[in-house]
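1. My questions concern the predicted model and sequence given below.
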Amino acid sequence: MPNLEEDFDSLVAKTSLSGEVDRRTFLKTTLGTGFAAAVMPVTAQTVIKTDAVGLTAGALEIQQNGLSVPIYRAQPEGKTNLPVVLVISEIFGVHEHIADIARRFAKLGYLAIAPDLFIRQGNPAAFASIPELYKNVISKVPDDQVMGDIDACVAWAKENGGNVDKLAITGFCWGGRITWLYASHNPKVKVAAAWYGGLVGERNELTPKQPVDIAPTLKVPVLGLYGGKDQGITQEHVAQMKEALAKGSSKSEFVVYPNSGHAFNADYRPSYVEADAKDGWKRVLAWFRAHGVS
């Protein structure tokens, strides 16, 4: 397997952008290529592109409770017994940035799976603003549905070249919150990395628990990567989470980047902070390796 400390720059290059897609195209052919309308315009000059040379990569569907759930998967071509990493998207869905992250992991020897966890509620690419997207899709997604769909991804990985005894999960923003929760949900998870995922928040029928609630009983080591200038996930929230984690035994850790705000790893957005994104990527790889998932 390649060196997990491989230079980030060797995995990336510049790319152009594709536009938004309708729901049918999104589900059938272009999962992992379009960007959600809610984040237009994207910052084309900073978008990273990892090729698929030597990989089996692209969109397919898995079955969960009678529904076909689209996923983007990337893995080394012709290889089996691969460590598995689940890549959980932001609210904008499985677009090119998330697919690229899956390919980055695959280049390093992982079977990477990025599921469309909004399939039942709608297509994030169809909404022109974040408030519309939250109202029409994100606010309607129940945590238990998400946990079940990710469970189905793990089951698929086991039958398709993945070694689920080496199972990791990482996620961004909305997916960062899910990363904390899934690390508590599935005892097969060995290690996790949450990028600026929500830690505290409203509890309701669809989201009955927040990461701060599961922290005292969490067993999985989670690396939290957060921005010191994040106005939504504040340092007070981080402090609350650290206090809750101290009551348990997960040995989770936080890295706070003082010069970054939210979404500092989103290379297609103005929030991108290159130095912190590169440092975070290297830390995630080292974290996974230190906990036996490589």
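-> Okay, I see it.

2. rest of the way, CA atoms for contacts and neighbours
-> Will do.

3. what comes into contact with the helix or strand hosting residue 169?
-> Assigned by DSSP states H and E, residue 169 belongs to strand 162-172. Identification of contacts with strand 162-172 by CA atoms under 8 Å, 6 or more residues apart in numbering yields 80-90, 111, 154, 157-158, 176-179, 183, 188-197, 263, 288, 292-294.

4. Looking at those, which are in helices?
-> If you go by DSSP state H, the contacts of strand 162-172 have 154, 157-158, 176-179, 183, 288 in helices.

5. any idea of the pLDDT on residue 232?
-> pLDDT for residue 232: 96.

6. that older thread, max pairwise distance over the ones in helices among the contacts of strand 162-172: which two?
-> 158 and 177 (24.4 Å; CA to CA).

7. Of the two, give the one with the bigger neighbour count.
-> Per other CA atoms under 10 Å, whichever of residue 158 and residue 177 has more neighbours is residue 177, with 23 against 17.

8. Chain neighbours aside, what residue packs nearest to the more buried one?
-> The shortest distance from residue 177 to any non-neighbouring residue, by CA to CA, 6 or more residues apart in numbering, is to residue 197 (4.3 Å).

9. Can you verify my assumption that the one you found contacts residue 211?
-> No - contact criterion CA atoms under 8 Å: residue 197 and residue 211 do not qualify, at 9.1 Å.

10. before we move on, back to that, now tabulate the ones in helices among the contacts of strand 162-172 in JSON lines and tack on distance to residue 47 and pLDDT.
-> Shown next, in JSON lines, are the ones in helices among the contacts of strand 162-172 (distance: CA to CA, whole Å; pLDDT from 0 to 100):
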{"residue": "154", "distance to residue 47": "29", "pLDDT": "98"}
{"residue": "157", "distance to residue 47": "28", "pLDDT": "98"}
{"residue": "158", "distance to residue 47": "32", "pLDDT": "98"}
{"residue": "176", "distance to residue 47": "21", "pLDDT": "98"}
{"residue": "177", "distance to residue 47": "24", "pLDDT": "98"}
{"residue": "178", "distance to residue 47": "25", "pLDDT": "98"}
{"residue": "179", "distance to residue 47": "24", "pLDDT": "99"}
{"residue": "183", "distance to residue 47": "29", "pLDDT": "98"}
{"residue": "288", "distance to residue 47": "25", "pLDDT": "98"}
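
11. Would you mind checking which of the residues you listed is nearest to residue 38?
-> Of all these, residue 38 sits closest to residue 176, with 19.1 Å by CA to CA.

12. Are there residues contacting both of residue 197 and residue 211? Which ones?
-> Taking CA under 8 Å, 6+ apart as the criterion, residue 197 and residue 211 both touch residue 177.

13. of the contacts of strand 162-172, buried ones?
-> Buried members of those, counted by 16 or more other CA atoms under 10 Å: 80-90, 111, 154, 157-158, 176-179, 183, 189-197, 263, 288, 293-294.

14. Take these and keep only those in strands.
-> 82-88, 111, 189-195 (DSSP state E).

15. biggest separation within the residues you listed, which pair?
-> Maximum distance among those (CA to CA): 23.4 Å, for 82 and 195.

16. re the thing from before, for residue 243, state which of the ones in helices among the contacts of strand 162-172 is nearest.
-> Checking these one by one against residue 243 (CA to CA), the nearest turns out to be residue 177, at 17.2 Å.

17. The closest one contacts residue 211, doesn't it?
-> Yes - if you go by CA under 8 Å, residue 177 and residue 211 touch, sitting 6.7 Å apart.

18. Please identify every residue contacting each of these two.
-> Counting by CA under 8 Å, 6+ apart, the shared contacts of residue 177 and residue 211 are 198-199.

19. Look up the closest residue to the residue of the chain positioned farthest from its centre, ignoring the ones flanking it.
-> Of all residues in the chain, residue 247 sits farthest from the chain's C-alpha centroid, using CA atoms, centre = their mean; the distance is 26.3 Å. Of all residues not flanking residue 247 in the chain, residue 216 sits nearest, at 5.0 Å (CA to CA, 6+ apart).
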